[in-house]
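Asks: quick check, what structure comes out for this input:
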Amino acid sequence: MAPMMSATDSTILAPSSAVPGWTAEYAVPLGGPGHLLLATFEQAAIGIAHLTLDEQWISVNQRYCEITGYSREEILTFKVEQLTHPEDVEASLEFIRRIRSGELPEYRMEKRYVRKNGAVIWVHLTVSIVRSATGAPLYLVAFIEDITQRREAQSEASRSLSLLRATLESTADGILVVDLNGKILSFNQKVADMWGIPPEVFASGDDQRAINMALEKLVNPDDFVAKMMELYRHPEESSYDVLALKDGRTFERYSQAQLIDDVPVGRVWSFRDATSRRRAEEQEIELVQEQAARAEAENSQKRASLLAEASRVLSASFDYQTTLAALVRLAVPALADYCALDIIDAEDTFERIGEAHVDAAKSQLLREVARFPKSALTARHPLMRVMTTGAPVLEADITPAFIRASFAEAGQRRVVEALEPRSLICVPLVASGKPLGALTLVTSGSGRRYDIADLSLAADLARRAAIVVEHARLFHEAQQATRARDDVLAVVAHDLRNPLNTVTMAVSLMLETTPLERVEERRQAEIVRRAADRMNRMIQDLLDVKRMESGRLTTDLKPELPATLVNDTIDMLRPLAAGSTITLEAHIEDDLPPVLADAARVQQVLSNLVGNAVKFTPRSGRITVCAEHIDGEVRFGVIDTGPGIPAEQLPHIFGRFWQAKSDHRGIGLGLAIAKGIVEAHNGRIWVESHVGLGSTFYFTLPTATDKTP
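Replies: Numbering: from 1, shown residues only. Have a look, this model is predicted:
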C-alpha cells in the first residue's frame, strides 16, 4: 500500500492498484473499517476488480492478476473487452449496458478470458453496481472465479455420457440400470423393444410395473422373480440365466453389480435374444448326432466289409503265408498305417509272415524291425506280452517311455522311433488254446487313435487268420505228399528223357527219309514230333521246378541289352501270334542300360508270359512287350487285351501246378518257373489285371554296373 495525499486530518489509504487521479475519491481512512476491507480485497481467493460506470479501471486485486496472467499495471492500461474472448465480447457489453441503464441490478455469466500466454480460460463473472446512500450509482464491482477445470470436467462428463448413451442405444443387448431398491435409473430402446414394454414405463422408474408386464410373457415367471430377489439380497453378486418366453423366444439374462469405490450402488441387467443362436446350436447338436450315427453305421459297414474281404482273402488258398501276407496288405490303410504278422516257428522264434506300410519309403524300416532278434524285445513289448499271456494289447497312446521299455537296445529304439508310431493294437492268433502268432496294427501319420471297437475288429481278423494257420498246418501232410509226388515226377521226367530223345531222333529221321508225296505218312510223323516236343517241354519244366526247389537252378549272368532280349523273343513267337491273328509288338525305351541276365533264361520267362498271353487273348487282339528304366532296374512288361484275371485268382497265379478253371492246357508250371528264374536274377515279378480289360505281367532285372565282369 502507498500513502496518498489527504484532504482531512486523518491519514488515508488507497489500493496499490488504484488508478492515479482517483486517489482522493476512493481512499479509505487508515485503521478504520475501510482498512480491513482493503486487506480482504487484496487477499481474496477470487479475482476482484472495480470499474467506473463507463468501464474505466479503478483497481484489481492480486488474484485477478493471477487469473488473467497480466500484472496490475498491464491490466489498468487495457480496455475491459481486451481480456475477453472475441466470441464473448458482445454478450459482455450487452450485460454491462443493461446494468448501467438500471435494467439489471447485477449480472452473472460464464465467459472466456484470453490469458497473457494466449491460453483460453473459463471464468464465472459476477458484476454489480455500487450505489450511494441515496441510491445513486457510484461504480461497478466485478468478481471472477476460474472455472476452467470444472468446465473441462463437465465437458468430459458430457462426452462420456453421450458415448455411454450411444453405446447403450447401439448395442444388440437390452440394458436396464437400477438402484439398490430396484428403481429404474436408465435403459435403452432395445430392452423396450425386446420385451414389448412401452419406453415410458421404464422412463417412469417404476420397476414393479415393468416387472409385472415382463412376467406375463415368461414361461417360468416364478423362477424369474426368485432369481431377481436373490440378487437384490446380495447386491455384490453377478448372475447368468436363461429365460424362456411364451412366444418361443429365448433370452439370456446377465446381471452385474454397479460399483462406486468397490461399493455396490445398483445393478445392471442385460438381456440378449439368443433364440436364433440356440436354435442353431440345437440344430448343430442334432446334426452332430446324426453325423455320428451315420459315421457309426458307415464304420459298421466298413468293418463288416473288411471282415468279409478278409475271409475271402484268407480262404483263397491253403498257402497260409500268401494269404496272411494278403491280410496284412488288406489292413493297410483300412485299419492301420502299418501292419505286421508274426508266427511262432518250431524253434520258438518268430517268423515274419507279412508286413506293409502305407508309406513305401518306410517299408525298409519295417524290414529292419523284422530282423531284430527275439532277445531285442523286452517282456514289456506287446508281441512278447501277447505270446506270453494270450491276451490282446491295446496301447492307445505310444509314448517314448513305452518304446524305451519295449526294446533292449538304443539302436533298435531309434529305428522304431523313425516309424513314428502313435497307437498300437497287438492281438494273438490262437488255435487249440495256444498262441500261434500275433497280428500287430499301428497308426502313425494318420494320427488315428485306437479304441475298444478297433481292438474288437482286430481280434476278429486274428481269429480268421488263426483258422487259416491251423488249416495250413493240417494241410502240411498233404504238402509233404505233394513233395513226394514232385520227387517221383522228377525221377520219372529224368528217366523219360532218354527214351523220349530216341523217339525224337527216330521221328526226325522218318521226316528226312519219307518222300514229300507221301503226305499222310509225313503228317503222322509230324504229329508224333510235335507231341515229343511238347513232352520234352513238360519234362524240362518239371526238371526246372525241381532245380528251383533244391536251389540248383543255374544262371549264367552277363550284361545283355534289353532290346535284344525282347526282339529275339518276339521274332521267335511272332508266328505263334500270327496263327491266332494277334498283333505282337514291342515298345522299348531308348538308350536302356544293359541288364545282368542269363539271356536264355530271360527269353524263357518272356516266352512263357507271351505264350500265356497268346493262349488267353481273343483273335484280333494285341500283345505288347515293353521295357523301361526305373530306379536302377529295367522293368519288362507283357500287356495283353485278354479277358483279365479275377481278383480271387491273383494270389495263386504264380503257384506250382495252378491253372485257371477255364483252361487246363499245360501242367501249370510256366508262371512258377518264370517267378523262380526272375528271383534267381534278384528281380521281382507280379501281375496287374482287371476283368474285361486285360492283364499286364511285370518283372524287373537289375542293371549291369561298370564292375560287372
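Asks: which residues does Glu589 contact?
Replies: Cys626, Ala627, Glu628, His629 (C-beta atoms under 8 Å, 6 or more residues apart in numbering). C-beta: built from backbone N, CA, C; applies to glycine.
Asks: can you pull the pLDDT of Leu243?
Replies: Note on Leu243: pLDDT of 92.
Asks: and for it, nearest residue in space, chain neighbours not counted?
Replies: With sequence-adjacent residues excluded and distances taken as C-beta to C-beta, 6 or more residues apart in numbering, Leu243 is closest to Phe251, at 4.3 Å.
Asks: helix or strand for that neighbour, just tell me which one.
Replies: Using DSSP states H and E, Phe251 sits in strand 250-260.
Asks: and of the contacts of Glu589, the nearest to Val242?
Replies: Set against Val242, the nearest of those by C-beta to C-beta is Glu628 (70.4 Å).
Asks: still on that earlier bit, among the contacts of Glu589, who's most crowded?
Replies: With neighbours taken as other C-beta atoms under 10 Å, the top of those is Ala627, carrying 20 neighbours.
Asks: thought that residue was touching Ala563?
Replies: Yes - with contact defined as C-beta atoms under 8 Å, Ala627 counts as touching Ala563 (7.2 Å).
Asks: sorry, back to before: what is the burial count for the residue nearest to Leu243?
Replies: 22.
Asks: helix, strand or coil for Leu53?
Replies: Following DSSP: H, G, I helix; E, B strand; the rest coil, Leu53 is assigned to coil.
Asks: circling back: now for the strand holding Phe251, which elements pack on it?
Replies: strand 239-244, strand 263-273 (3 or more C-beta pairs under 8 Å, 6 or more residues apart in numbering; DSSP states H and E).
Asks: residues of the first one that come out buried?
Replies: Judged by neighbour count (16 or more other C-beta atoms under 10 Å), strand 239-244 contains these buried residues: Ser239, Leu243.
Asks: likewise the last one?
Replies: For strand 263-273, a neighbour-count test (16+ other C-beta under 10 Å) marks Gly266, Arg267, Val268, Trp269, Ser270, Phe271, Arg272, Asp273 as buried.
Asks: kindly report the same for stretch 410-418.
Replies: Those would be Gln412, Arg413, Val415, Val416, for stretch 410-418 by 16+ other C-beta under 10 Å.
Asks: same question for stretch 313-328.
Replies: 313-314, 316-328.
Asks: mind listing which of those residues are in helices?
Replies: Within those, residues falling in helices by DSSP state H are Val313, Leu314, Tyr320, Gln321, Thr322, Thr323, Leu324, Ala325, Ala326, Leu327, Val328.
Asks: tell me the contacts of the first one?
Replies: This points to Val313. Thr323, Ala326, Leu327, Leu330, Pro651.
Asks: the fourth one: what's it in contact with?
Replies: If a contact means C-beta under 8 Å, 6+ apart, then Leu330 has Leu306, Glu309, Ala310, Val313 as its contacts.
Asks: again, but for the third one
Replies: Contacts of Leu327 were listed using C-beta under 8 Å, 6+ apart, and they are Ala310, Val313, Leu314, Leu341, Gly354, Leu439, Leu461, Arg464, Ala465.
Asks: ok, now how distant is the residue nearest to the third one when sequence neighbours are not counted from Arg303?
Replies: It stands for Leu314. In space, and not counting its chain neighbours, Leu314 is closest to Val468: 4.6 Å by C-beta to C-beta, 6+ apart. Distance of Val468 to Arg303, given as C-beta to C-beta, to the nearest Å: 19 Å.
Asks: swap in Ala136?
Replies: Counting by C-beta to C-beta, the gap from Ala136 to Arg303 is 117 Å.
Asks: looking at these two, which is more packed in?
Replies: Arg303 (18 against 7).
Asks: ok, back up a step: the contacts of Leu330 in helices, which ones?
Replies: Leu306, Glu309, Ala310, Val313.
Asks: in PyMOL, how would I select just the buried ones from these?
Replies: Buried members of the ones in helices among the contacts of Leu330, defined by 16+ other C-beta under 10 Å, are picked up in PyMOL with:
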select buried, resi 306+310+313
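Asks: farthest pair within the ones in helices among the contacts of Leu330?
Replies: Taking C-beta to C-beta, no two of these sit farther apart than Leu306 and Val313, at 10.4 Å.
Asks: hmm, Leu53 and Pro137 touching each other?
Replies: Yes - contact criterion C-beta under 8 Å: Pro137 and Leu53 qualify, at 5.9 Å.
Asks: any common contacting residues for these two?
Replies: With C-beta under 8 Å, 6+ apart as the test, Pro137 and Leu53 both reach Arg100, Ile129.
Asks: what helix or strand is the residue most central in space within the chain on?
Replies: When the chain is reduced to its mean C-alpha position, the nearest residue by C-alpha atoms, centre = their mean turns out to be Gly447, at 11.1 Å. Using DSSP H and E, Gly447 sits in no helix or strand.
Asks: pull the contacting residues for it.
Replies: Applying C-beta under 8 Å, 6+ apart to Gly447 gives the contacts Arg422.
Asks: look up how far Glu420 lies from it.
Replies: Applying C-beta to C-beta to Gly447 and Glu420 gives a distance of 10 Å.
Asks: got it, and Phe41?
Replies: 94 Å.
Asks: go on, Glu309?
Replies: For Glu309 relative to Glu420 (C-beta to C-beta), the value is 28 Å.
Asks: surely Ser128 forms part of a strand?
Replies: Yes - counting by three-state DSSP, Ser128 is part of a strand.
Asks: partner residues bridging it?
Replies: Beta-bridge partners for Ser128, by DSSP bridges, are Glu106, Val141.
Asks: burial check on it, number of neighbours?
Replies: For Ser128, the number of neighbouring residues by other C-beta under 10 Å comes to 15.
Asks: and what of Gln603?
Replies: By other C-beta under 10 Å, neighbour count at Gln603 equals 19.
Asks: what bits of the stretch 251-400 of the chain have low per-residue confidence?
Replies: Scanning the stretch 251-400 of the chain for pLDDT under 70 picks out 295, 297, 318, 346-348.
Asks: try 90 this time
Replies: Scanning the stretch 251-400 of the chain for pLDDT under 90 picks out the ranges 255-270, 273-331, 333-335, 342-354, 360-363, 365-376, 387-390.
Asks: now do the helices in the stretch 101-250 of the chain.
Replies: 148-170, 189-195, 199-203, 207-215, 221-233 (DSSP state H, counting those that start in this stretch).
Asks: so which elements touch the fourth one?
Replies: Spelled out, that is helix 207-215. Counting by 3+ C-beta pairs under 8 Å, 6+ apart, helix 207-215 packs on helix 189-195, helix 199-203, helix 221-233.
Asks: for Trp122, find the nearest of these.
Replies: helix 199-203 (33.1 Å).
Asks: who are the packing partners of that closest one?
Replies: Going by 3+ C-beta pairs under 8 Å, 6+ apart, helix 199-203 lies up against strand 184-187, helix 189-195, helix 207-215.
Asks: for Leu104, find the nearest of these.
Replies: The nearest among the helices and strands packed on helix 199-203, by C-beta to C-beta, is strand 184-187 at 39.1 Å.
Asks: who's in contact with the closest one?
Replies: By C-beta under 8 Å, 6+ apart, strand 184-187 touches 168, 174-179, 199, 202-207, 210, 266.
Asks: partner strands of it, parallel or antiparallel?
Replies: strand 174-179 (antiparallel).
Asks: sorry, back to before: quick one: closest of the helices of the stretch 101-250 of the chain to Glu281.
Replies: Comparing the helices of the stretch 101-250 of the chain under C-beta to C-beta, the one sitting nearest is helix 189-195, at 19.8 Å.
Asks: got the CA positions of the closest one in CSV?
Replies: Below are the C-alpha coordinates for helix 189-195, written out as CSV (Å, rounded to 0.1, in the frame of the first residue of the first chain):
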residue,chain,number,x,y,z
GLN,A,189,-34.7,-48.7,-26.5
LYS,A,190,-33.6,-52.2,-27.2
VAL,A,191,-34.8,-53.5,-23.9
ALA,A,192,-38.2,-52.0,-24.5
ASP,A,193,-38.4,-53.5,-28.0
MET,A,194,-37.3,-56.9,-26.8
TRP,A,195,-39.9,-57.1,-24.0
